[in-house]
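Asks: generate a structure from the sequence data that follows.
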Amino acid sequence: MASSFRKDQSKPKRVVIALGGNALGDTPAEQIERVKHAAPALLDVIEDNNEIIITHGNGPQVGMIQKAFAISSTLDEKVPVMDLPECGAMSQGYIGYHLQQGIGAQMHRTGKRWHVATVVTQIEVDADDPSFQNPTKPIGPFLTKEQAESQAAQDPSFKFVEDSGRGYRRVVASPRPRRIVESESILNLLDNEFIVVACGGGGIPVIRDTDNYGCYKGVPAVIDKDMAGALLGEDCDADVLVLLTAVEYVAINFGKPDQQNLTDITVAEARRYADEGQFGKGSMEPKVRAAIRFCEGRPDRVAIIGSLDKAPEAVRGLSGTRIHY
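Replies: So this is what the prediction gives:
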């Protein structure tokens, strides 16, 4: 971003800020309110002479979209079951739209004339990733056996598992992200004074289609959003990765009398704690692993895990858990 974004002429830090999907609420109305609340904190990070790239989760949002199509398809045969790549693209679009609106409104309130744009982002994965042979990531609503069989009849590639007597859910692969297809577009926007929203929900997983001249095609899978955020930081040569969640610090011995909040740890310490199982597999551990991956790309990088309400303080080193070499 050019110097018109900044208070001074010094080289800004490039900061990737990752917002959790749950932090954005479960409905469009909730999301609008939460984005409105988050926008001042995001712009405060820019005021500290940083340029920002925003990424976000989409779990509740993509689930809502997929559920709407799934239920509609059982009521009206003319409504198709919408597959995951398309649902992911829809969620990126409407979450990005709300972020553009909320950030834009805050810029008007504070007299800023910056720009914000959303990039519907594809992320290349390996077609031979082992997770495709053993899909375990549950997605979508709980279905009856008959509903699951009906959807599987429409698309034999759909795999369903019974979940503890609660019904049947579809399961998909969770491959490792390899490359951001639109990375050059993202960099071009950054160089032209845009706040960029990208890689929403981990991005849309794509592979090379050998039957179509090696072009990309979407695959039904879910990329870990934190790992996608780390890859976004790598591809954009970011200095700082900020993973925002509901708590201010990462903790060891969480929920026990000897719980300890971590404020500053090395990559080696973070890896040791993660290997010991100190962090929740489906909650904090993916964030810590993503922070490690980001820092490994360049030894002067810093990853921060903290709360959305204190995003500016986290970037300044006054809040959150800092991970570094």
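Asks: list the buried residues of stretch 162-176.
Replies: Neighbour counts over stretch 162-176 (16 or more other C-beta atoms under 10 Å) mark Y168, R169, R170, V171, V172, A173, S174, P175 as buried. (C-beta placed from N, C-alpha, C; glycine too.)
Asks: make that stretch 275-287, sorry
Replies: Within stretch 275-287, the residues that count as buried by 16+ other C-beta under 10 Å are Q278, F279, M284, E285, P286, K287.
Asks: circling back to that earlier point, out of the buried residues of stretch 162-176, which one has the lowest pLDDT?
Replies: Taking pLDDT as the measure, the buried residues of stretch 162-176 have their low point at R170 (85).
Asks: ok so, going back, list just the nearest of the buried residues of stretch 275-287 to K145.
Replies: Closest to K145 out of the buried residues of stretch 275-287 is P286 (31.7 Å), distances taken as C-beta to C-beta.
Asks: how near is the closest one to A274?
Replies: For P286, the distance to A274 equals 10 Å [C-beta to C-beta, to the nearest Å].
Asks: one more: V79?
Replies: Distance of V79 to A274, given as C-beta to C-beta: 43 Å.
Asks: higher neighbour count, these two?
Replies: Neighbours per residue, other C-beta atoms under 10 Å: of V79 and A274, the larger number sits with A274, 19 against 14.
Asks: contacting residues for the closest residue to the more buried one other than its chain neighbours?
Replies: Excluding its sequence neighbours, the residue lying closest to A274 (C-beta to C-beta, 6 or more residues apart in numbering) is V288, at 5.1 Å. The contact partners of V288, by C-beta atoms under 8 Å, 6 or more residues apart in numbering, come to V250, A270, Y273, A274, F279, I305, I323.
Asks: if we use 10 Å, what do you get?
Replies: With C-beta atoms under 10 Å, 6 or more residues apart in numbering as the criterion, the residues that contact V288 are 226, 243, 250, 262, 265, 267, 270-271, 273-274, 278-280, 303, 305, 321, 323.
Asks: in PyMOL, how would I select the buried members of the residues you listed?
Replies: Those of the contacts of V288 that meet the burial criterion (16+ other C-beta under 10 Å) are gathered into one PyMOL selection, given here:
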select buried, resi 226+243+250+262+265+267+270+271+273+274+278+279+303+305+321+323
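Asks: the contacts of V288 in strands, which ones?
Replies: Counted as lying in strands by DSSP state E, out of those, are L243, V250, L262, I265, A303, I305, T321, I323.
Asks: so who does the closest residue to the fourth one other than its chain neighbours touch?
Replies: Right, I265. The shortest distance from I265 to any residue other than its chain neighbours is 5.8 Å, reached at I323 (C-beta to C-beta, 6+ apart). Neighbouring residues of I323 by C-beta under 10 Å, 6+ apart: 241, 243, 250, 262, 264-267, 269-271, 287-288, 290-292, 294-295, 301-305.
Asks: same question, T263
Replies: Contact analysis of T263 by C-beta under 10 Å, 6+ apart lists E248, Y249, V250, G317, S319, G320, T321, R322.
Asks: beta partners of the nearest residue to the third one once chain neighbours are set aside?
Replies: Counting by C-beta to C-beta, 6+ apart, V250 lies nearest to T321, which is 4.1 Å off, once chain neighbours are set aside. Applying DSSP bridges to T321 gives these bridge partners: I305.
Asks: wait, A148 sits on V81?
Replies: No: when contacts are counted by C-beta atoms under 10 Å, A148 is not listed as touching V81 (11.2 Å).
Asks: more neighbours, the two?
Replies: In this comparison of A148 against V81, neighbours counted by other C-beta under 10 Å, the higher total goes to A148 at 20 against 17.
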